[in-house]
Each structure stands twice: as C-alpha cells, then as structure tokens.
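# here is my input, please return the structure:
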Amino acid sequence: MKRIIYVSHDQLNAKYGALKDANPKEDLIVLVESARMVTGDHWNKVRLYFLLSSAAHFVKSLQADGYTVIYQKSATTVDGLKEVLKKYPKLPIISATPSSFRLKKSLAEFGVKFIENDFFLTPPDLFAQWASSQKSYLMESFYRNQRIRLNLLVEKGKPVGGAWNFDKENRSSLPKGYKFPPYLEHKADEIDKRIATELGIKPATIWATSTAGARKVLKNFLDKHFALFGPYEDAMTSDNWALHHSLLSPYINNGLLHPSEVVDAAVKRFEKGDIPIASAEGFIRQIIGWREYVNGMYWHLGEDYKELNHLKAKRELLPLFTDPDKTKMNCIKQTVTDINERAWVHHIPRLMLLSNLALITGTNPQQFLQWMRRVFLDASDWVMVPNVIGMGVHADNGVMMTKPYAAGGAYISKMSNYCKGCIYDPKLRTGENACPFTTLYWDFLDRNHEEFVGNHRMAQQLFGIKRLKDMPEVRKRAQAVLAGLDKGLI
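Got it, this is the predicted structure:
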C-alpha cells in the first residue's frame with residue numbers, strides 16, 4: 001500500500017472526495033468510529049443506526065470493489081488513525097476536507113493532507129468571493145447567482161416560469177381529509193439487523209442505509225411527491241410525518257447521494273412537463289440555494305460563530321425537548337415524539353415550532369444547538385450552526401436573517417391541525433387556556449422592543465403591541481408560562 005485514505009461518515013461516496021482517484025491496489029481505506037460519535041445516552045439511536053449502518057454498507061461495497069478497508073473503533077478519529085499506522089507505518093494519509101472545524105483542525109494537526117471537499121456544488125473560494133462582495137448575506141441573492149452559474153431552470157438568462165422564486169405559492173395548509181401515498185419502507189438486511197441489535201433498537205425501516213436504497217427514496221419522491229411538494233412544503237399535520245417532503249437530506253448529507261445527482265434527476269423529471277414550476281423551483285432552491293448557502297456561511301462566519309448569544313438568552317433547555325410528556329402543547333408533544341421515533345421532522349416544525357419556542361422562551365442558544373445536533377438524522381455541524389444560531393434563535397444579531405422568526409399560535413393553527421383538541425387556544429394570549437406560543441410571542445416582542453425598534457422589518461409586529469390593552473396581563477401570564485415550562489407542566 002502506498003497511502004491511507006481516510007473517509008468520514010459523511011463522505012460515503014466512491015465517486016467524490018478522496019476516493020474518486022483511489023486505486024484498490026495502492027490505497028488502504030480507513031473509516032473511524034469515534035467514541036465521541038456514539039457513546040452516551042444523549043444521541044438519538046435512530047440517528048446512530050442510520051449513520052453506522054450506512055457506513056457498514058459502504059465498507060461492504062468498497063470491499064466488493066476490491067479495496068482493503070479498515071473500520072477502526074477508537075476514542076477519537078486521530079486515535080483511530082494512530083492505531084492503523086501501527087500496522088501500516090509511515091504511510092501518508094489523505095482525506096477530503098472535513099465538514100466541521102473541529103475535525104479539520106484535529107486531522108490537520110495530525111498531518112493529514114486534504115483534497116477539496118466536492119460534496120457540495122459551490123467551491124469554497126467561489127462562496128468566499130460572493131460573501132466578501134455582499135453588504136448583507138441575502139440568501140436570495142446567492143440563490144439567483146447559483147441558478148445562473150449552474151444553468152438550472154434558466155432560459156436565456158431569465159428564470160423559467162417568469163420568476164426566480166415561487167415561495168408565496170408554497171404556503172398552503174392541507175385540505176381536510178387529504179390523503180398521502182403510502183410510506184416507502186426498506187427491508188432490513190443482516191447489516192441493519194446487527195447494527196440495530198448493538199444499539200438495542202429495531203431496524204428503522206423508514207430509512208435506507210445504502211446507495212441503492214437512497215436512490216429508491218429519490219425515485220419515490222420524484223414519482224409520488226414532487227408535483228405536490230411545493231404547495232404543502234410548509235404545512236404540518238399529525239396525520240402524516242413525511243407529507244410530500246423528499247426525505248433526501250440524510251442521504252445527501254452523508255454522501256450516499258450527491259447533490260448534483262439529485263438536482264439532475266429533479267430537472268429531468270420537471271422537463272417531462274407535469275411538475276408545476278412552483279414545486280420544481282422550491283425543491284431546486286433547497287438543494288442549490290439553502291443547502292449551499294448554509295455550508296458556505298458556516299465556513300465564512302468562522303468557528304466562534306456558534307458561541308454567539310446576542311439576545312443574552314439564559315434559560316436552561318426546557319424539559320419538553322427531551323421528554324414530550326413534559327408538555328401539554330399538542331404541537332410540541334407530537335413533534336418531539338416524532339423526533340424520538342424517527343430522528344426527523346421537516347424544516348417548518350424545526351423552525352416555527354422548536355426554534356421559535358427556544359427563541360421566545362429565551363433558551364440558551366448553545367444548549368438548544370447541542371440538542372438539535374444530537375437528535376436529528378441529518379444534523380451536522382455545518383447544517384445546525386447557521387440554521388440555529390442565525391435563523392432559528394437570532395443569536396447573531398441579524399448577520400444571516402434580518403429579523404427573528406418569532407410567531408404565535410395563529411401561525412401554528414393556520415399551518416397545522418395541532419391546535420385541534422389542544423387544551424390551549426391559539427387565539428388567547430391571557431388566561432389559563434391561552435396558547436403559550438401566543439402569550440410568549442407578544443411577551444418576546446415586548447421584552448425586546450428596544451432591540452428591534454430600529455428594524456423596519458419588525459415595525460408592523462412592534463406596532464401591534466401598541467394596540468394591545470392587556471399587555472400587563474400578558475406579561476404576568478408569560479411569567480407563569482415560563483415557570484410552568486421550566487417545570488414541565490405547560
């Protein structure tokens with residue numbers, strides 16, 4: 001062997017990263033399962049099952065292609081590489097650039113040489129060039145550049161359909177009695193069963209753990225959900241956990257699917273003519289826009305960005321985040337239960353329920369960030385840090401988003417069926433049955449009035465407080481709600 005190629009658990013693709021030029025006769029492939037990654041009872045076991053079984057299937061596929069592969073278990077990634085070097089001393093180690101500051105730093109200090117991480121569509125230098133030219137980091141500006149640069153849904157420099165963004169058409173709630181196609185299930189094989197047994201759970205057959213399985217998920221989305229993805233992408237319901245979402249982020253984020261493969265398939269499907277432009281554009285925007293923007297911002301904003309806490313939020317993580325029985329709010333109880341069972345909910349519950357609650361309760365951003373990292377299947381540092389610190393809880397003073405995503409119970413009532421049967425009334429802001437979201441929304445605006453008074457995008461919301469004659473009662477009720485949430489009684 002002439003060199004060691006280290007492959008992380010989020011770079012499981014033989015066509016990209018350090019493996020794209022690999023030679024089975026000369027390269028030793030090493031994956032390391034670090035104790036940091038799997039030990040402790042705080043990780044969602046469905047998340048671990050997905051990551052470990054995907055890696056195990058990938059190792060098997062590399063071995064079938066003739067590679068010598070070592071799957072090393074150690075305290076840390078560097079410790080694992082040290083163990084391998086005992087058997088193969090003096091071999092140089094290469095890797096695709098890791099996707100987190102921490103791993104990049106530790107591998108660089110150990111002497112690992114990096115090649116460019118091409119698991120994204122935007123080279124780091126290109127994003128840095130865009131970011132350095134902006135007065136504000138407007139995602140829409142980046143996204144339009146991406147459309148033109150990648151020549152996607154563009155004809156003669158103009159957007160297909162006559163607009164760059166159809167987001168306003170993609171905010172419908174579900175009609176009563178709406179029916180969804182059946183869920184796609186994946187039969188567990190011996191690898192899945194072994195990993196699940198080691199974790200003490202049953203195989204999570206809702207998630208594929210191989211490249212072939214991931215491609216079935218992509219095909220299922222394009223055939224059965226793509227057309228209706230757009231209008232209902234913001235809807236929430238207790239009747240269906242997946243709605244028309246693609247469920248592809250776990251596979252793109254761990255490398256089983258490359259974003260270019262997903263985008264190419266989506267455009268090809270759209271060009272058949274039966275997919276509305278609002279659905280196609282909305283989906284393409286998530287892949288080439290938001291995903292690339294978040295990764296670029298993670299690196300551009302630096303390692304210390306995750307420590308920001310501009311609003312000085314100090315509340316300890318609420319007990320309801322780890323135990324859904326610690327709340328009577330239907331929306332949160334259902335959402336946390338879904339996360340515990342599947343390690344996934346779509347972006348609106350993440351933003352408008354979980355992050356919104358953390359924001360308006362003044363929950364410490366770093367504690368909330370760590371919880372989000374632990375429980376979601378597709379959570380990586382580059383995903384969660386910008387999404388939580390910047391978008392979710394406005395801890396960066398508006399560096400990424402020009403206003404906080406705070407909302408009361410009216411939004412939840414409009415976009416979901418969670419309020420039906422809930423003991424709390426989204427229309428009420430005071431009283432024992434007042435929706436905690438509604439009470440805390442107004443209390444948040446009131447508490448932070450001076451902070452946002454100069455923000456023109458918050459003017460309408462702040463003006464709304466002036467019309468409320470019961471703000472003293474709202475403030476009093478908010479204190480009772482916060483105390484109840486701290487004790488797991490609300």
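
# and the chain, what are its domains?
3-115, 124-301, 306-487 (the TED database).

# which residue sits closest to Y143, ignoring its sequence neighbours?
In space, and not counting its chain neighbours, Y143 is closest to G289: 3.5 Å by CB to CB, 6 or more residues apart in numbering. Placement of C-beta: from N, CA and C, glycine included.

# strands of the stretch 51-200 of the chain, start to end?
Using DSSP state E, counting those that start in this stretch, the strands of the stretch 51-200 of the chain run over 68-74, 93-96, 113-115, 154-155, 158-159.

# helices or strands up against the second one?
Same thing as strand 93-96. On a contact count with 3 or more CB pairs under 8 Å, 6 or more residues apart in numbering; DSSP states H and E, strand 93-96 meets strand 3-6, strand 113-115.

# direction included, what does whichever helix or strand comes after the first one pair up with?
Just to be clear, that refers to strand 3-6. Per DSSP states H and E, the first helix or strand lying C-terminal to strand 3-6 is strand 27-34. Neighbouring strands of strand 27-34 in its sheet, by DSSP bridges, are strand 3-6 (parallel), strand 68-74 (parallel).

# need those strands in TSV (columns: mean neighbour count, distance to S238 and mean pLDDT).
Formatted as TSV, the strands paired with strand 27-34 follow (neighbours: other CB atoms under 10 Å; distance: least, CB to CB, whole Å; pLDDT from 0 to 100):
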stretch	mean neighbour count	distance to S238	mean pLDDT
strand 3-6	22	43	98
strand 68-74	16	40	97
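
# out of the helices and strands packed on strand 93-96, nearest to I277?
strand 113-115 (37.6 Å; CB to CB).

# partners of the closest one in the sheet?
Each strand that pairs with strand 113-115, with its direction, by DSSP bridges: strand 93-96 (parallel).

# how about residues contacting the partner strand?
Under the contact criterion CB atoms under 8 Å, 6 or more residues apart in numbering, strand 93-96 has outside partners 3-8, 11, 16-18, 30, 81, 85, 107, 110-119.

# ditto for stretch 408-428
171, 173-174, 234-239, 328-331, 334, 348, 352-353, 429, 433-438, 440-442.

# before we move on, what about stretch 148-159?
Residues outside stretch 148-159 that contact it (CB under 8 Å, 6+ apart) are 121, 146-147, 160-161, 263, 267, 270, 277, 280-281, 284, 288.

# circling back to that earlier point, and the residue nearest to Y143, what pLDDT?
What the model reports as pLDDT for G289 is 97.

# check K135 too.
On the pLDDT scale, K135 is placed at 88.

# tell me, how many residues neighbour it?
5 (other CB atoms under 10 Å).

# tell me how far it lies from I339.
Look at K135 and I339: by CB to CB, to the nearest Å, they are 37 Å apart.

# may I have the residues that are in contact with the nearest residue to G408 once chain neighbours are set aside?
Closest residue to G408 apart from its sequence neighbours, by CB to CB, 6+ apart: Y441 at 3.5 Å. Residues near Y441 by CB under 8 Å, 6+ apart: 360, 406-409.

# going by neighbour count, which of these comes out on top?
For the contacts of Y441, the largest number of neighbours (other CB under 10 Å) sits with I360, at 28 neighbours.

# about what we covered before: selecting buried members of the contacts of strand 93-96 in ChimeraX, what would you type?
To isolate the buried ones among those in ChimeraX, judged by 16 or more other CB atoms under 10 Å, type:
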select :3,4,5,6,7,8,11,16,17,18,30,81,107,110,112,117,118,119
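
# TSV please, covering the strands of the stretch 51-200 of the chain and showing distance to S416.
Shown next, in TSV, are the strands of the stretch 51-200 of the chain (distance: least, CB to CB, whole Å):
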stretch	distance to S416
strand 68-74	42
strand 93-96	40
strand 113-115	44
strand 154-155	35
strand 158-159	31
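
# nearest to L320, out of those?
strand 68-74 (34.4 Å).

# and the contacts of the closest one?
For strand 68-74, the surrounding residues in contact (CB under 8 Å, 6+ apart) are 1, 24, 28-35, 55-56, 59, 62-63, 80-84.

# kindly report the same for stretch 202-214.
The contact list for stretch 202-214, computed with CB under 8 Å, 6+ apart, reads 12-13, 46, 49-50, 53-54, 56-58, 61, 183-188, 191-193, 195-196, 216-217, 248, 250-251, 256-257, 342-343, 377.

# again, only this time at 6 Å
46, 49-50, 53-54, 57, 185-186, 188, 192-193, 196, 217, 251, 256-257 (CB atoms under 6 Å, 6 or more residues apart in numbering).

# among those residues, which lie within helices?
Judged by DSSP state H, the contacts of stretch 202-214 include 46, 49-50, 53-54, 57, 192-193, 196, 217, 251 as members of helices.

# for those, which one is nearest A483?
Distance to A483, by CB to CB, is smallest for V46 among the ones in helices among the contacts of stretch 202-214, at 32.8 Å.

# wait, the closest one sits on W344?
No - assessed by CB atoms under 6 Å, V46 is found out of contact with W344, at 8.2 Å.

# put the buried members of the contacts of stretch 202-214 into a PyMOL selection.
In PyMOL, selecting the buried portion of the contacts of stretch 202-214, with burial taken from 16+ other CB under 10 Å, looks like this:
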select buried, resi 46+49+50+53+54+57+186+188+192+196+217+251+256+257
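
# now the helix or strand bottoming out on mean pLDDT in the chain, how far from the centre of its chain.
Taking mean pLDDT, DSSP states H and E as the measure, the helix or strand of the chain with the lowest value is helix 35-38, at a mean of 87. Relative to its parent chain, helix 35-38 has a centroid offset of 20 Å by CA atoms, centre = their mean, to the nearest Å.

# Y232 and I70, how far apart?
46 Å.
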